[in-house]
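S.K.: pasting the sequence and the predicted model now:
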Amino acid sequence: MKVILVTVLSIMFLCSGCSSNIKEEQKSIKICSSLNETMTDILAEDFAKQQNVKVEVRHLPAGNLDERLNFLREGKFDVWLGGTPEEYYLAGEQKMLRSYRPREAYKVPAEMRENQWRWTGLYVDYIGFLTNRDRLRELGLYAPETWDELLKPELWEETALADFKNGGRSYGMITSIWQLRGEAKAMEYAASFNSQLPLYTASEWEAIEAVRSGRKTIAVVSLSTALQLERQNRDLFATLVKDGNKNCITGAAILQGANLAEAQSFMDYLLSEHSKDLLASKGYPLLWRVSDYAHDDGRKMMIGDLELAVDDLSWTAGQKSVITVSYTHLRAHET
């Protein structure tokens, strides 16, 4: 647990000829975050200083969605930061969220928020591949841009990705293929992919480390992360998945029972230009639309050529258990 403290000054004043010390009660907010630790700390510390408020942060633990929602309920949090639309949809169905239209809500495209404002999108990302250039050269391959390219014989045991059951880009991989190709072809693809013996890791960062260290050639990750790592390491290269991608929206929501004044203030802060510029200055440029895409290295326009599954949150969230069971059962038979 992290608590970020900002000192509140005691105010001295005279009343009816008598002096008394009155200490203003410090405002506070309790945040549960699904964002990475660095991004969370940047936002929490800055908000604490800006608003003169005590910020308590807990990170949402790994586990299935029911376990994560129970953690949120029991923790009595004010704001859930960094969740996905599917997660917010199910939380909303369980009446865990409270509607709020932020002050700068006009910035949020309709497809990046819930129509009752029970959650608000903060940024959108896509699924990408992070590849190790040296290993690609050894294999005599170009960097992949499609799911089907991961099935090449040369890439047997060469792919790493976070475990499908933990959601994220791995779950986006299967749901996008499922929605675009249909259940039968999605399961056919999954069988072929598992026969390649990919490395399933507990987190996306473990998959990244496998590629960065040269143990694996390709990791399935968020595009923004892949591009950031490419800029930091000339041995790494980022590509966008073109044949079945997904709008990976990250958002924020106020929870029922929240300290409303501070929770609403934090939601307003998250949509401010100040917080966006702050994150960008720390190496986290946020992807709002194609026109705002921050990287101009010749791949900016490739996002416009994506084959994207149309997001139906009721379907994506409601089918998660079905898809997970089908895919997990398939993996058990493949191993």
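M.R.: Looks like it came in fine.
S.K.: CA only for contacts and neighbour counts going forward, please
M.R.: OK.
S.K.: helix/strand/coil for the spatially closest residue to residue 223 that is not a sequence neighbour?
M.R.: Ranked by Cα to Cα, 6 or more residues apart in numbering and with sequence neighbours excluded, the top spatial neighbour of residue 223 is residue 128, at 4.3 Å. Classification of residue 128 using DSSP: H, G, I helix; E, B strand; the rest coil returns strand.
S.K.: wait, residue 128 touches residue 243, no?
M.R.: No. Counting by Cα atoms under 8 Å, residue 128 stays clear of residue 243, with 11.3 Å between them.
S.K.: residue 204: what's it in contact with?
M.R.: Each residue near residue 204 by Cα atoms under 8 Å, 6 or more residues apart in numbering is listed here: 161-162, 220-221.
S.K.: how about 10 Å then?
M.R.: Applying Cα atoms under 10 Å, 6 or more residues apart in numbering, we find residue 204 in contact with 160-163, 166, 168-170, 219-222, 225.
S.K.: pLDDT check: weakest of these?
M.R.: For the contacts of residue 204, the weakest pLDDT value sits at residue 166, with 66.
S.K.: domain parsing for this protein?
M.R.: Domains of the chain are assigned by automatic domain parsing as 2-124+248-281, 127-246+295-334.
S.K.: which stretches in this protein count as helices?
M.R.: Along the chain, counting by DSSP state H, helices occupy 37-51, 65-75, 85-93, 133-139, 168-181, 183-194, 204-212, 223-232, 260-270, 273-281, 313-318, 320-334.
S.K.: tell me which residues in the first one are buried?
M.R.: Neighbour-count burial for helix 37-51, counted by 16 or more other Cα atoms under 10 Å, picks out 40-41, 43-48.
S.K.: what mean pLDDT would you report for it?
M.R.: Helix 37-51 shows a mean pLDDT of 95 in the predicted model.
S.K.: what angle separates it from helix 260-270?
M.R.: 120 degrees (axes from the mean of the first three to the mean of the last three Cα atoms, to 10 degrees).
S.K.: how about residues contacting helix 37-51?
M.R.: Outside of helix 37-51, the residues within contact range by Cα under 10 Å, 6+ apart are 2-7, 27-29, 31-35, 52-59, 81-82, 262, 265-266, 269-270, 274-276, 278-279, 282-284.
S.K.: in contact with the closest residue in space to residue 203 that isn't next to it in sequence, which residues?
M.R.: What sits nearest to residue 203 in space, not counting adjacent residues and going by Cα to Cα, 6+ apart, is residue 162, at 4.9 Å. Residues in contact with residue 162, defined by Cα under 10 Å, 6+ apart, are 168-171, 199-208, 219-221.
S.K.: neighbour count winner among residue 128 and residue 243?
M.R.: The neighbour count for residue 128 versus residue 243, taken as other Cα atoms under 10 Å, is higher for residue 128 (25 against 17).
S.K.: give the bridge partners for that one, please.
M.R.: When bridges are taken as DSSP bridges, the partners of residue 128 come out as residue 221, residue 240.
S.K.: thought it was touching residue 161?
M.R.: No. Between residue 128 and residue 161 there is no contact, the gap being 11.2 Å when judged by Cα atoms under 10 Å.
S.K.: okay, and the common contacts of the two?
M.R.: Common neighbours of residue 128 and residue 161, using Cα under 10 Å, 6+ apart, are 169, 219-221.
S.K.: pull the most distant pair out of those.
M.R.: 169 and 219 (10.4 Å; Cα to Cα).
S.K.: and residue 110, what does it touch?
M.R.: With contacts defined as Cα under 10 Å, 6+ apart, residue 110 is in contact with 120-121.
S.K.: how near is it to residue 74?
M.R.: From residue 110 across to residue 74, the span is 31 Å (Cα to Cα, to the nearest Å).
S.K.: from the centroid of the chain, which residue is nearest?
M.R.: Averaging the C-alpha coordinates of the chain gives a centre point, and the residue nearest to it by Cα atoms, centre = their mean is residue 250 (4.8 Å).
S.K.: check that residue and give its pLDDT.
M.R.: In this prediction residue 250 is given a pLDDT of 89.
S.K.: wait, it touches residue 84, no?
M.R.: Yes. In terms of Cα under 10 Å, residue 250 counts as a neighbour of residue 84; the distance is 5.3 Å.
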